[in-house]
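A.B. asks: Coordinates only, no sequence provided:
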């Protein structure tokens, strides 16, 4: 029985996926040559490819830059008060709204910066928040 189980496990985890894995590896190495990623430990490479998935949301708040706002403006204080009460999944949804991804890829949260800007519209109560995902800008009406 042990031999059968060993052969079955070897087939399922190695032989049955050998060709697709070789195809994947060939494509991966074409796009990202080994000399570019051999300097990483496996955990570091995972962060580079998949991004950071756990966050210190207070650090995110600390790193924000403001345009037409000051940190102590009522709109900003209200925004952060509501934001910190959100469940983790909703905070990640906000990150996806802001940046196009619920992860921060390639670098640590300590270096991630985004801007909160006042869109300076005539009737702010009639305008919804919007984002420029390319530039990490949240347009937050007053």
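C.D. replies: Noted; the coordinates are in hand. Not measured: the values here are computed from a predicted model.

A.B. asks: Would you mind stating the distance between the residue nearest to residue 70 when sequence neighbours are not counted and residue 17?
C.D. replies: Once flanking residues are discounted, residue 70 sits nearest to residue 76: 7.3 Å by C-beta to C-beta, 6 or more residues apart in numbering. The way it works is simple: take the backbone N, C-alpha and C, and place the C-beta from them, glycine included. The gap separating residue 76 from residue 17 is 50 Å, by C-beta to C-beta, to the nearest Å.

A.B. asks: In three-state terms, how would the residue nearest to residue 70 be classified?
C.D. replies: At residue 76, secondary structure determined by DSSP: H, G, I helix; E, B strand; the rest coil is helix.

A.B. asks: Next one: it relative to residue 138, how far apart?
C.D. replies: For residue 76, the distance to residue 138 (C-beta to C-beta) stands at 11 Å.

A.B. asks: Could you tell me how many residues sit around residue 71?
C.D. replies: Counted with other C-beta atoms under 10 Å, residues neighbouring residue 71 total 13.

A.B. asks: Which helix or which strand is home to it?
C.D. replies: Assessed by DSSP states H and E, residue 71 sits outside every helix and strand.

A.B. asks: residues shared between the contacts of residue 76 and residue 138?
C.D. replies: residue 116 (C-beta atoms under 8 Å, 6 or more residues apart in numbering).

A.B. asks: remind me which residues of this structure are low pLDDT?
C.D. replies: Scanning the chain for pLDDT under 70 picks out 105-109.

A.B. asks: Give the next helix or strand downstream of the lengthiest helix in it.
C.D. replies: The single longest helix within the chain, with elements called by DSSP state H, is helix 18-31. The element immediately downstream of helix 18-31 (helix or strand, assigned by DSSP H and E) is helix 34-37.

A.B. asks: what about that next one, distance to the chain center?
C.D. replies: In terms of C-alpha atoms, centre = their mean, to the nearest Å, the centre of helix 34-37 is found 23 Å from the chain centre.

A.B. asks: residues of the helix or strand following that helix that come out buried?
C.D. replies: Moving toward the C-terminus from helix 34-37, the next helix or strand (DSSP H and E) is helix 42-50. For helix 42-50, the neighbour count (16 or more other C-beta atoms under 10 Å) marks residue 47 as buried.

A.B. asks: Good, we can wrap up now.
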